[in-house]
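J.: Would you be able to build a 3D model of this:
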Amino acid sequence: MTVTDLTMPTARTSRRDSLPVAIIGAGPIGLAAAANLTERGIPFTVLEAGNSPAAAIRAWGHIRVFSPWRHLIDPSAGRLLEATGWTPPPNLDAAPSGLELVEHYLVPLAELLDSHIDTGSRVTAVSREGMDRTRTAGRSDRPFVLRLSDGRELPARAVIDASGTHSSPNSLGSSGLDPIGLMDVAAHVTRALPDVLGADRHRFSGRHTTVVGAGHSAANTLIALATLIQVSPETRVTWVIRNPRAVRVFTSDDDELAGRASLGDKVQKLIDFGVIDVLESFEIAGLTLEGEPDEGARVRVTGRHDGETMSFDTDTIVNATGFRPDLTMLREIRLDLDPIVEAPRALAPLIDPNVHSCGTVEPHGFAELRHPEPDFFIAGMKSYGRAPTFLLATGYEQVRSIAAYLAGDLAAASSVELVLPATGVCSTTSSATNTTCCS
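T.: A predicted model of the protein is given here:
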């Protein structure tokens, strides 16, 4: 890919030049950024909100990922690990569970980088030292300052925000707003990918669960609930989607990610056998607590179905509607985000689920991820905004390019390559309402 009209990192004062790069998030992309900076000899610190690296993946570790191992190991991280005697999994074509990804790859990588990782450090705000977002003169010479929830403030030469979106789910309401009454029923709502057959089983066994969402997170939960029905026949499952059909789940046969392709087949069979009740074209408007909490209260779900108001009762709601970026901590940073996808403006046309065909993703790096704030980057899933199309391999190439840019290697930063499996998921038609996208 040829990149024109690019500039090198801004000139820095000697103090700023001596500061580390701050990486927000110790997930796969944050750790990959750290590995690339290590190979470049650039000092860095990783700030992780959780009590351990990869905390978000641990939360859904019981789920098997779509990508095989060969697409899950960052090349730079792999080189660092192999130098210590670490060996990659023997079958690189196998797709691991989230927990296997953590234990066999991310934990060893985090241990290697341990002296640079600060866990339990939630970043609450990022700014320029002594400058809010309105001040321009001399701005690029000022260090960044990152404020943490414990009151500390850390200076940095550059910032890579790889904090992800797992803690910021989309709304249950089709309008993007929380349904009226959500706070009153919050105890009955769980986030995507609960451990239905394990730690969270007590919330679902013998109860009526409503899964909201049209993607693969919803499909995984539906399949787990169907398995639970085999040992707890009283368990009921309703699948609510706002569209006429959950097109992202029912992929085509040429999806090279076999695990993803099989989900649609499994869900369709469960629907055909009447194990799952499907409520399509339903838009949730309100949630009401029915009964007393200590007497088995239920949730009444009210919304619009085919233009008419309707309601039904359920015990538990799983919010599998996807995720959105939490930009609160970046209020004082000058961002240039697409108004639709909330991704960096240059990246958005490549991933916009309204218009793009995602059989492949065009390679992209620092140039598409830059913002008006020099040396500030959003990488990984958060860089995709609200688009549900992110794969780890994409994020690895992002941070490789960013690290090269910060090292002053413009040639390497601009030469971006990305080889992804064909999705077999998406098709783009002339009507935006008929456009589908991968996840």
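J.: what pLDDT does the closest residue to Pro28 other than its chain neighbours get?
T.: Distances taken as Cβ to Cβ, 6 or more residues apart in numbering put Leu392 closest to Pro28, at 5.4 Å, once the chain neighbours are dropped. Glycine gets a C-beta too; all of them are placed from N, C-alpha and C. At Leu392, the model reports a pLDDT of 94.
J.: for Ala404, same thing?
T.: In this prediction Ala404 is given a pLDDT of 98.
J.: For it, list the residues it contacts.
T.: Asn36, Arg40, Phe366, Leu410, Ala412, Ala413 (Cβ atoms under 8 Å, 6 or more residues apart in numbering).
J.: Of these, which belong to helices?
T.: Among the contacts of Ala404, DSSP state H puts Asn36, Arg40, Phe366, Leu410, Ala412, Ala413 in helices.
J.: Ser149 touches Ala125, doesn't it?
T.: No - using Cβ atoms under 8 Å, Ser149 is not in contact with Ala125, being 9.8 Å away.
J.: With neighbour numbers in mind, choose between those two.
T.: Remark: of Ser149 and Ala125, Ala125 carries more neighbours, 16 against 12, as counted by other Cβ atoms under 10 Å.
J.: which SSE is the more buried one in?
T.: strand 123-128 (DSSP states H and E).
J.: Could you check the angle the helix or strand that that strand is followed by makes with strand 123-128?
T.: Next helix or strand after strand 123-128 toward the C-terminus (DSSP H and E): strand 144-148. Direction vectors for strand 144-148 and strand 123-128, defined by axes from the mean of the first three to the mean of the last three Cα atoms, to 10 degrees, enclose an angle of 160 degrees.
J.: So what touches strand 144-148?
T.: 22, 24, 47, 121-129, 153-159, 375-376.
J.: which of those count as buried?
T.: Applying a neighbour-count criterion of 16 or more other Cβ atoms under 10 Å, the buried members of those are 22, 24, 47, 121-123, 125-128, 154-159, 375-376.
J.: picking that back up, now the ones in helices among the contacts of Ala404 in TSV, with pLDDT, distance to Thr165 and neighbour count?
T.: Output for the ones in helices among the contacts of Ala404, formatted as TSV (pLDDT from 0 to 100; distance: Cβ to Cβ, whole Å; neighbours: other Cβ atoms under 10 Å):
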residue	pLDDT	distance to Thr165	neighbour count
Asn36	98	22	26
Arg40	98	27	18
Phe366	97	21	25
Leu410	97	30	17
Ala412	97	28	16
Ala413	97	25	23
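J.: Okay, and the beta partners of Val237?
T.: Note on Val237: beta-bridge partners Thr209, judged by DSSP bridges.
J.: Would you map out the domains in the chain?
T.: According to automatic domain parsing, the chain comprises the domains 14-167+323-434, 182-319.
J.: Please name whichever of those domains is nearest to Gly173.
T.: In terms of Cβ to Cβ, the element of these nearest to Gly173 is domain 182-319, at 5.6 Å.
J.: so how far is that closest one from its chain's centroid?
T.: 21 Å (Cα atoms, centre = their mean, to the nearest Å).
J.: Poorly predicted segments of the stretch 201-350 of the chain, please.
T.: Applying pLDDT under 70 to the stretch 201-350 of the chain picks out residues 246-261, 294-295.
J.: Residues touching stretch 222-240, excluding its own?
T.: Here stretch 222-240 has contacts from 196-197, 201, 204-212, 218, 246, 263, 266-267, 270-271, 275-279, 282, 284, 301, 312, 314, using Cβ under 8 Å, 6+ apart.
J.: what about 7 Å?
T.: By Cβ atoms under 7 Å, 6 or more residues apart in numbering, the list of residues contacting stretch 222-240 from outside reads 196-197, 204-212, 218, 266-267, 270, 275-279, 282, 314.
J.: Inside helices: which ones of the residues you listed?
T.: Per DSSP H, these map to helices at Ala218, Lys266, Val267, Leu270.
J.: Out of those residues, who's the most crowded?
T.: Ala218 (28 neighbours).
J.: Look up how far Val301 lies from that one.
T.: Ala218 sits 16 Å away from Val301, going by Cβ to Cβ, to the nearest Å.
J.: Would you mind confirming that Glu342 is in contact with Phe323?
T.: No - with contact defined as Cβ atoms under 7 Å, Glu342 does not reach Phe323; the gap is 11.0 Å.
J.: out of everything not next to it in sequence, what's closest to Leu193?
T.: Nearest non-adjacent residue to Leu193, counting by Cβ to Cβ, 6+ apart: Trp60, 4.1 Å away.
J.: wait, that neighbour sits on Ser97?
T.: No - taking Cβ under 7 Å as the definition, Trp60 is not a contact partner of Ser97, at 9.2 Å.
J.: Show me which of those two is the more surrounded one.
T.: More neighbours surround Trp60 than the other of Trp60 and Ser97, with 19 against 15 (other Cβ under 10 Å).
J.: returning to that earlier point: what's the residue nearest to Pro28 sitting at in phi/psi?
T.: Per-residue torsions, Leu392: phi -60, psi -40 (degrees, to the nearest 10).
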